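Trainee: Have a look at this fold, sequence not included:
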């Protein structure tokens, strides 16, 4: 509590004896100087060193007291307990020496964290340097220990003052990756240090340091060929080695593992990207467990250890079973067999609580460098595949670890039915926290059943779960009115517009396409054989290859008929994929091969007039590579019936059937895709078709194959069949069954997550594909957080009476009106705050009408925040005072018989116009340079905000009226009782006017930084 102002005294003034009283402030008196030196020294023990040194300049007595205090002080902290900060700036070598000379009995110096130190002294230049600091430390004969975070300074202390201990945790503050070359540290054997945390440092070796208890190595480059040759730290309790650049030879890690086994008190072992020899830990454990090696481990972490075997992990777990309570397992060891073997061992794990399956270090998840770059900077060459554990293995997990409380599973694609994890022997009765990340195969309905069966579950976190099902590419035949002309509509994502390309660009495209496509040897042989046979037939008979083209056609690709090529192959080859309506031209077909993953276009003869009969419709029409008289693209009559496409021509019948084996690649022609903008416009008559056929035959006679034909280009083309395109994004469309309906936007697949749990407190959803969240029966549920859930639309609350925090950030398709209505219709048993970051413009007038006019028995506040990037100061502060506003109303209703407001359907009808029976007002301001606006009917807030600070006012907090909407601590309004004293007049006026109040309040906080539609990165979500 801050100091109160001393009241003024009334004193008589004047010598005439009237005794007239006038107001005169009491004379200032220096109480500090009246205190003894001993009392002052006792006070100095509670002050920061910076303030003590400032007092030296105030008076002679204070200077004497400071001198006495420094003469006897034994422990000094230059950072005043804030170890993460830097020591006061402004020191030079001389001033620091002068300060420490005043402390002859100094034993422990904490907070020696200089922002910058010169490496050496410069003559004629006053600076703060490493030699100067060493000289000052040597001036303290009783010095036992120093706390610092400076690499070069700690090495100098080890070299020149080896008797001095390094206090606390040494952690360098200039760590980075790639590891800076200037960050170097040589650790001597005589180093007196207990905790060493190195980040981004070049270290020659890790020697035998007898005092060392905690060793953290992150991004450390070990420069000697045998860095663990002398490693032996018998007092070690924690060893963490993450993403270090050490030797690549696995045998050089043998001394490391044997040295760790010698540390009988080792409690935490974390190895991430350490390429130790596979099976090594098993043999070391066999040799050392009787003497206590690894027996006291409580945390075991294996991540991206290239050669680690199941037996290495299993032996460690079995040895440490008595004390083990946390286990993180890398994906390659996340297998059924590991837990089956542990089950067969029939061990008990009485203290086990936390299991992380498929563990991947956060640096590897967040790092934007490629695998080759990481290897270039010295990290081990490791590529992790997803864990292969199945539902059977997870079922065994709880049989082995029956007391498990926290379960995190990352990227295990073979998990399907969580409700099968529960058996009579595996009840998961103590599971409190469940986190699932990228387990895409888990079924939503099974997951809901699993949650309902967990008796102690409190928290659920789902990240990249329940992906949206792929929208199936489908072709429909619609008939428009007269003539029953078949009209095909495609379910496309984008439409490509083909730009004309000259000969040079076409050759480049052809070359790149040839190199990029993956072609099997059988395909190459078939292509060569077909080309050779065709060449012989042409030279001997003089017959154009088109004559036999109608009898042997390329077979349809296996799998689903698709209109777009493989995006992955296109990206690798540098060729832009065709994403338009890829339709057949003549008898040719545009397909995508699923099996090979290489998108290609098969095109046949396009300039010959043929007649095709659609098997599904029985409708015949002419195909000549041009547009039919009805305006429909020729060559578009292809039906899909049970996965088989068939078409019939005048010269014969060919079947596009996956079972066909006959292939005649010589029949392929260079063809532009229908609808791509470069198709040659030829009249629909037979004469034009015949002339086109003759030209094609003439060109074909001159062709001599010089290379095997690939699937990326046709035999005659000088350019690739994947043209240079400009993609125009379109909404996904789906056709209705009527004959003349226009395409409409395809609905998202409905995926409903239903929650029913007696103890569930909160759920966090990130990048999940659910559309609806249903709270069936969650009596203890308190919060819902949803972030970047693209298709999340609705919330349904059946029974969740005390849920009070709702966060919806960057959920693009969220139905705000429905969600707000569901929340506000809940019984008013709690104050509620709703935080939203919409990605589209909000109609604020309609929003105000919905909330203030609706039948919602709450006082409501709508806050519009325009900071970018998002500032959470207002949001956090509102939660600290919205309850105070509600508590005042509750006190008045309960104890002062204040009228309680109602909001029924009848009340809604009585107030059809603004302000809808509420006292609505607006507060506006600027917080940290960003404007905000608050529209509300909160009672008491305006009066409290305008009131003067009282005697309880606190000034040791950052929040004030300039940094937040309302700062109750600055006003001294710390409780409902104090506030009621402040706003007595306001309460009386409202009572006289018979205006009631609601017991509960709701705040809707809208952050508009994502409104343009592009999500803003935010660390807080």
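Mentor: Everything's here; your move. This structure is a prediction, so every number in the text was calculated from the model and none was measured.
Trainee: what residue ranges in this protein score low on pLDDT?
Mentor: 1-28, 471-746, 956-962, 1019-1021 (pLDDT under 70).
Trainee: mind redoing it with 50?
Mentor: 1-11, 13-19, 21, 474-521, 542-693, 696-741 (pLDDT under 50).
Trainee: Mind naming the longest helix for it?
Mentor: helix 873-895 (DSSP state H).
Trainee: Distance-wise, check residue 254 relative to residue 73.
Mentor: Look at residue 254 and residue 73: by Cβ to Cβ, to the nearest Å, they are 50 Å apart. (Each C-beta comes from the backbone N, C-alpha and C, glycine too.)
Trainee: more crowded one of those two?
Mentor: Here residue 254 and residue 73 are compared on neighbour count by other Cβ atoms under 10 Å; more neighbours surround residue 73, at 19 against 15.
Trainee: Measure how buried the closest residue to that one other than its chain neighbours is and give me the count.
Mentor: Leaving aside its chain neighbours, residue 73 sits nearest to residue 103 (5.8 Å; criterion: Cβ to Cβ, 6 or more residues apart in numbering). By other Cβ under 10 Å, the residues close to residue 103 number 20.
Trainee: Surely residue 103 is in contact with residue 71?
Mentor: Yes: the pair residue 103 / residue 71 is scored as a contact, 7.4 Å apart, by Cβ atoms under 8 Å.
Trainee: now the helices for the stretch 851-1000 of the chain?
Mentor: 873-895, 905-910, 941-946, 968-971, 976-982, 984-992 (DSSP state H, counting those that start in this stretch).
Trainee: After the last one, which helix or strand is next?
Mentor: Using DSSP states H and E, the next helix or strand after helix 984-992 towards the C-terminus is strand 1001-1007.
Trainee: about what we covered before: hang on, the residue nearest to residue 73 in a helix?
Mentor: No: using DSSP: H, G, I helix; E, B strand; the rest coil, the assignment for residue 103 is coil, not a helix.
Trainee: could you list every residue that touches residue 37?
Mentor: Residue 37 sits next to 61, 64, 65, 68 when contact means Cβ atoms under 8 Å, 6 or more residues apart in numbering.
Trainee: out of everything not next to it in sequence, what's closest to residue 792?
Mentor: Closest residue in space to residue 792, ignoring its immediate chain neighbours: residue 811 at 4.8 Å, by Cβ to Cβ, 6+ apart.
Trainee: picking that back up, need the helices of the stretch 851-1000 of the chain in JSON lines (columns: mean neighbour count and distance to residue 780).
Mentor: Below are the helices of the stretch 851-1000 of the chain laid out as JSON lines (neighbours: other Cβ atoms under 10 Å; distance: least, Cβ to Cβ, whole Å):
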{"stretch": "helix 873-895", "mean neighbour count": "18", "distance to residue 780": "19"}
{"stretch": "helix 905-910", "mean neighbour count": "11", "distance to residue 780": "31"}
{"stretch": "helix 941-946", "mean neighbour count": "17", "distance to residue 780": "30"}
{"stretch": "helix 968-971", "mean neighbour count": "20", "distance to residue 780": "29"}
{"stretch": "helix 976-982", "mean neighbour count": "16", "distance to residue 780": "26"}
{"stretch": "helix 984-992", "mean neighbour count": "13", "distance to residue 780": "35"}
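Trainee: Could I get those in JSON lines, plus columns for distance to residue 853?
Mentor: As requested, the helices of the stretch 851-1000 of the chain are exported to JSON lines (distance: least, Cβ to Cβ, whole Å):
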{"stretch": "helix 873-895", "distance to residue 853": "21"}
{"stretch": "helix 905-910", "distance to residue 853": "6"}
{"stretch": "helix 941-946", "distance to residue 853": "21"}
{"stretch": "helix 968-971", "distance to residue 853": "30"}
{"stretch": "helix 976-982", "distance to residue 853": "29"}
{"stretch": "helix 984-992", "distance to residue 853": "22"}
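Trainee: doesn't residue 52 fall inside a helix?
Mentor: Yes: counting by three-state DSSP, residue 52 falls inside a helix.
Trainee: Surely it and residue 73 touch.
Mentor: No: contact status for residue 52 versus residue 73: not in contact, 9.3 Å apart, counting by Cβ under 8 Å.
Trainee: returning to what we had before: next step: the contacts of residue 37 restricted to strands.
Mentor: Judged by DSSP state E, strands contain none of those.
Trainee: Now list the buried members of these.
Mentor: Among the contacts of residue 37, the ones that count as buried by 16 or more other Cβ atoms under 10 Å are 61, 65.
Trainee: Out of the contacts of residue 37, which comes closest to residue 863?
Mentor: residue 65 (51.4 Å; Cβ to Cβ).
Trainee: Give the full set of residues in contact with that closest one.
Mentor: Residue 65 touches 37, 40, 41, 44, 55, counting by Cβ under 8 Å, 6+ apart.
Trainee: what do you get if the cut-off is 6 Å, keeping everything else the same?
Mentor: By Cβ atoms under 6 Å, 6 or more residues apart in numbering, the contact set of residue 65 is 37, 40.
Trainee: what's the distance between it and residue 323?
Mentor: 52 Å.
Trainee: how about the helices of the stretch 851-1000 of the chain, which one is nearest residue 316?
Mentor: helix 873-895 (42.8 Å).
Trainee: contacting residues around the closest one?
Mentor: 831, 865, 898, 900, 927, 938, 940, 959, 964-966, 968, 976, 979-980, 997, 999-1001, 1003, 1005.
Trainee: And stretch 369-385, by the same measure?
Mentor: So stretch 369-385 is contacted by 178, 221, 243, 245, 273, 275, 304, 306, 331 (Cβ under 6 Å, 6+ apart).
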